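Asker: my questions are about this predicted structure, shown below with the sequence.
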Amino acid sequence: MTPNKLAENLMEKIKHKQANIGFIGLGYVGLPWTVEFARMGFHVWGIDIDKEKVDNITKGISYIPDVPTMDLAQVVKSGHFQATTDFSCIRNLDTINICVPTPLRKTKDPDVSFIDNAANEIAKYIKPGQLIILESTSYPGTTEELVMPIITKTGLEVGKDIFLAFSPERVDPGNKVHTPRNVPKVVGGVSSYCTEAACELYKSCLTQVVPVSSPKVAEMVKLLENTFRIVNIGLVNEIALLSSRLGMNVWEVIDAAKSKPFGFMPFYPGPGLGGHCIPVDPFYLSWKARSLGFEARFIELAGEINGQMPHHVVNLIADALNERGKCIKGSNIHIIGVAYKKDINDVRESPSIDIVDVLHKKGAKISYTDPYVPQLKIEALNERFISRPLDNQLLKSADCVVIITDHSCIDYASIVANASLIIDTRNALKNYRSEKIVTL
């Protein structure tokens, strides 16, 4: 391999923590990374178009539960981390990581506009010797087909003058065991120097880095990980629907099946898919497959089954109320938890939103409790709900209590003691036996 002085200089700067590190996008992926690199002694710049986020960071206030305010305040106060809305700071950086959203359009086509905008901002200020890493999940080919043409329009050559790689984010909000620091990082560069430089950056902060042959492979790795989950969750949700028809408790079936020490991995049903990855990422792959004339049938079928689950929950509520001589219209229905998973404040793609939407349109009187989400805006209803403290009077006044998110701080004994009807979609009440509890 022909020596590349720019790559060697960059890697030396990274090794000695003299590189200036930048992150575009300060959400659930970008903010934890900026703090980690700042704590390792790097000087880090965070760039975001949201002025409120930048202002909070400047004050040392964290808006991401996985980033303690104390840790953020410490690196801001030390001068190792600063946030800005001004992209011109890119000209002073050695590495730039793109951690922007990649949502789906209503047609389930990829929306890569945030990546496109970030790449165009980088192109305005790019200089030789810089490393750009895309972390935002997208379809295989995004790094080389979308990002590379934008950043090379200045005439700089990737692999020679500048370095480009893809490394999929593997952030699991609320997970205290698997954190950004100890989860292996997959890295695929456009050239060998690109891969080496990106690996060097992550090695300075992580316990394990896994290089692969290309950005496209790295992009596919991320999509495989989440497709594996959506398909298996779809399977177990279908088993849950079937078990309900057969009058069986699906949770008992799963608990017994997982006693097998080989050939089975337990997945669990739920009220629907939520979060920034599983409901979205696999459809980037199915979209890419369609563009090649290939039908990704497992992904589409799993998406269809998982999409039925919020309606299944509403049907459970309707049937349970009907058995008690009531209907959804006019009933007081109290939702426990609107975040998409326990002990976090993230409501992105949360099934609670779909459930509340359907119940509201059917005439139910909705209230909710979620200590992590003080307010919930349902765009489709143009309505804002406020979290209510969970007390005995509230529980007794509800015609139905629906457990959507099983936060560990919820007093489930109080719910069982005071509520007249409970729909448990998370098996949160597995240790309780009562005729007023209806499981998924």
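Answerer: Sure thing, it's come through. Numbers count the residues shown, from 1 in each chain.

Asker: Pro371: neighbour count?
Answerer: Residues lying near Pro371 (other C-beta atoms under 10 Å) number 15. (Glycine included, C-beta is placed from N, CA and C.)

Asker: that one: which element?
Answerer: For Pro371, there is no helix or strand it lies in under DSSP states H and E.

Asker: any idea how far the nearest residue to it once chain neighbours are set aside lies from Tyr63?
Answerer: Nearest residue to Pro371, sequence neighbours excluded (C-beta to C-beta, 6 or more residues apart in numbering): Cys409, at 5.8 Å. Using C-beta to C-beta, to the nearest Å, we find Cys409 at a distance of 19 Å from Tyr63.

Asker: so these two - more neighbours on which side?
Answerer: Shown here are Cys409 and Tyr63; by other C-beta under 10 Å, Tyr63 has more neighbours (17 against 9).

Asker: and the residue nearest to Pro371, helix, strand or coil?
Answerer: Assigned by DSSP: H, G, I helix; E, B strand; the rest coil, the conformation of Cys409 is coil.

Asker: then Glu145?
Answerer: Secondary structure, three-state DSSP: Glu145 is helix.

Asker: just checking, Arg105 touches Asp111?
Answerer: Yes - with contact defined as C-beta atoms under 8 Å, Arg105 reaches Asp111; the gap is 5.2 Å.

Asker: these two: which is more packed in?
Answerer: Taking neighbours as other C-beta under 10 Å, Arg105 and Asp111 compare with Asp111 leading, 17 against 10.

Asker: residue contacts, that one?
Answerer: 102-105 (C-beta atoms under 8 Å, 6 or more residues apart in numbering).

Asker: now which of those would you call buried?
Answerer: For the contacts of Asp111, a burial check counting by 16 or more other C-beta atoms under 10 Å picks out 102, 104.

Asker: for Ser138, state which of the contacts of Asp111 is nearest.
Answerer: Of all these, Thr102 has the smallest distance to Ser138: 5.3 Å, by C-beta to C-beta.

Asker: excluding chain neighbours, give the residue nearest to that closest one in space.
Answerer: Using C-beta to C-beta, 6+ apart, the closest residue to Thr102 is Ser136 (4.9 Å).

Asker: contact partners for the one you found?
Answerer: Taking C-beta under 8 Å, 6+ apart, one finds 25, 29, 98-102, 114-115, 169 in contact with Ser136.

Asker: distance of the residue nearest to Pro371 relative to Ile328?
Answerer: From Cys409 to Ile328 the distance is 29 Å (C-beta to C-beta).

Asker: so where do the helices sit in the stretch 51-200 of the chain?
Answerer: Ranges of helices in the stretch 51-200 of the chain, per DSSP state H, counting those that start in this stretch, are 51-58, 69-77, 113-125, 142, 148-151, 192-203.

Asker: ok, and what's touching the last one?
Answerer: Residues from elsewhere that reach helix 192-203, judged by C-beta under 8 Å, 6+ apart: 1, 4, 7, 10-11, 14-15, 19, 21, 95, 131, 133, 158-159, 163-165, 167, 185, 187-189, 209, 211.

Asker: give me the neighbour count for the nearest residue to Asn392 once chain neighbours are set aside.
Answerer: Nearest non-adjacent residue to Asn392, counting by C-beta to C-beta, 6+ apart: Asn418, 4.8 Å away. Neighbour count of Asn418, defined by other C-beta under 10 Å: 18.

Asker: if I've got this straight, Val402 is in a strand?
Answerer: Yes - looking at Val402 with three-state DSSP, it is inside a strand.

Asker: ok, it - how many residues close by?
Answerer: Neighbours around Val402, by other C-beta under 10 Å: 29.

Asker: just list whatever residues bridge to it.
Answerer: Per DSSP bridges, the residues bridged to Val402 are Ile335, Ile423.

Asker: for it, give its distance to Gly247.
Answerer: 21 Å.

Asker: now swap in Ala123 and tell me
Answerer: 61 Å.

Asker: more neighbours: which of the two?
Answerer: Shown here are Ala123 and Gly247; by other C-beta under 10 Å, Ala123 has more neighbours (18 against 6).

Asker: so what's the more buried one up against?
Answerer: 150-151, 153-154.

Asker: and the residues you listed, which of them are buried?
Answerer: The neighbour-count criterion (16+ other C-beta under 10 Å) marks 150-151 among the contacts of Ala123 as buried.

Asker: Val253: which of the contacts of Ala123 is nearest?
Answerer: Distances from Val253 to the contacts of Ala123, taken by C-beta to C-beta, are shortest for Ile150, at 50.6 Å.

Asker: any idea how far that closest one lies from Glu144?
Answerer: 11 Å.

Asker: do the same with Ile122
Answerer: Counting by C-beta to C-beta - Ile122 and Glu144 are separated by 15 Å.

Asker: neighbour count winner among these two?
Answerer: Higher neighbour count among Ile122 and Glu144: Ile122, with 23 against 17, using other C-beta under 10 Å.

Asker: Ile96 is in contact with that one, correct?
Answerer: Yes - counting by C-beta under 8 Å, Ile96 is a contact partner of Ile122 at 5.9 Å.

Asker: tell me the residues that contact both of the two, please.
Answerer: Taking C-beta under 8 Å, 6+ apart as the contact rule, Ile122 and Ile96 both touch 24, 90, 132.

Asker: which of the residues you listed ranks first by neighbour count?
Answerer: Going by other C-beta under 10 Å, Ile132 tops the shared contacts of Ile122 and Ile96 with 30 neighbours.

Asker: beta partners for it?
Answerer: For Ile132, the beta-bridge partners under DSSP bridges are Ile96, Leu164.

Asker: wait, it touches Asp161, no?
Answerer: No - using C-beta under 8 Å, Ile132 makes no contact with Asp161, being 11.8 Å away.
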